[in-house]
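Colleague: Fold the following and give me the result.
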Amino acid sequence: MLELSDQEADAKPAATVILIRPVGDGIEVLLLKRSEALKHMPGLWVFPGGKVEADDPGEGDFERARSAAARECHEEAGVALRTDLLTPFSHWLTPVVVKRRFATWFFWAQVPTDTAVQVDGSEITAHQWWQPAHAIAAHHAGDLPMTPPTLVSLHDLDALDWSSSAAADLEARKPPRFFPNVIRDDSQMVFLYEGDVSYATGDLSQEGKRHRTVGDRGVFQYQRSLNGH
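Modeller: Reported below is the predicted structural model:
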């Protein structure tokens, strides 16, 4: 799934948008399927997004990323968004061992339940709205291939109480930053995040707080200790 390299490449700016629509007391999020013919991440389910282009408007990298997120959402899913309604969700930096590296701002926006989606049919071949918990379960069953940032974002969304203050809490929080330290462990790939006991050392034998994603044959498990071990 990941193209690894022994040489460190520069990270290119990119942007992603998580579209959220209300369903009952919860939410659904939009996932898009990348074409199997693509060289980069073929067949994976992703949020709309892509690289920041030179002509994306904005003052500074953050605003240009927000413009790129809106543009990509329209190009890939046919959904038009106002950039001022895009709220930062998280920021990810691709590990240094990966060949194609990106510094990606994740944004989120709530859209009406009846929002129409029209995929481009080339880069994106299908779409589906998912409740976060159901998407996580489908991934664990091997039916919904995705990358760690997508899975971690779904866990983050699933942990919120959407019947009350979730949207306000998201708008008020400081977007978390993820700069994974990737460790190979036999057939597994372990993505360590800040706060994990092994983050600084890469020593997986250490006991303590966990904040990591463990992948085996394309299926990932997100592990996070909220308190203590």
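Colleague: Go through this protein and flag its longest helix.
Modeller: Ranked by residue count, the top helix of the chain under DSSP state H comes out as helix 60-77.
Colleague: Would you mind measuring from residue 155 to residue 15?
Modeller: According to CB to CB, to the nearest Å, residue 155 and residue 15 sit 21 Å apart. For glycine as for every other residue, the C-beta is placed from the backbone atoms N, C-alpha and C.
Colleague: ok, the two, which is more surrounded?
Modeller: residue 15 (29 against 17; other CB atoms under 10 Å).
Colleague: beta partners for that one?
Modeller: Beta-bridge partners for residue 15, by DSSP bridges, are residue 50, residue 105.
Colleague: Contacts only, for it.
Modeller: Residues near residue 15 by CB atoms under 8 Å, 6 or more residues apart in numbering: 49-50, 52, 65-66, 68-69, 72, 104-107.
Colleague: for stretch 17-33, what is the average pLDDT?
Modeller: Mean per-residue pLDDT for stretch 17-33: 95.
Colleague: Tell me the one of the contacts of residue 15 nearest residue 21?
Modeller: Proximity of the contacts of residue 15 to residue 21 (CB to CB) peaks at residue 107, which lies at 15.4 Å.
Colleague: The closest one reaches residue 16, doesn't it?
Modeller: Yes - counting by CB atoms under 8 Å, residue 107 does reach residue 16; the two are 7.0 Å apart.
Colleague: Now for the two: what residues contact both?
Modeller: With CB under 8 Å, 6+ apart, residue 107 and residue 16 have common neighbours residue 69.
Colleague: Need the pLDDT of residue 201.
Modeller: 95.
Colleague: Need the three-state assignment for it.
Modeller: Following DSSP: H, G, I helix; E, B strand; the rest coil, the label given to residue 201 is coil.
Colleague: and it, how many residues sit next to it?
Modeller: Count around residue 201 with other CB under 10 Å applied: 12.
Colleague: That one and residue 111, how far apart?
Modeller: Residue 201 sits 43 Å away from residue 111, going by CB to CB.
Colleague: Could you do residue 223 as well?
Modeller: As defined by CB to CB, residue 223 lies at a distance of 31 Å from residue 111.
Colleague: Those two: who's more crowded?
Modeller: Counted by other CB under 10 Å, residue 223 and residue 111 do not tie: residue 111 has more neighbours, with 17 against 14.
Colleague: Now that one. Its backbone dihedrals?
Modeller: phi -120, psi 160 (degrees, to the nearest 10).
Colleague: quick one: contacts for it?
Modeller: Applying CB under 8 Å, 6+ apart, the residues near residue 111 are 19-21, 79, 81.
Colleague: same question, residue 127
Modeller: By CB under 8 Å, 6+ apart, the contact set of residue 127 is 30-33, 77, 117, 119.
Colleague: A helix includes it, no?
Modeller: No - Residue 127 is assigned strand when assessed by three-state DSSP, not a helix.
Colleague: which residues pair with it across the strands?
Modeller: residue 32.
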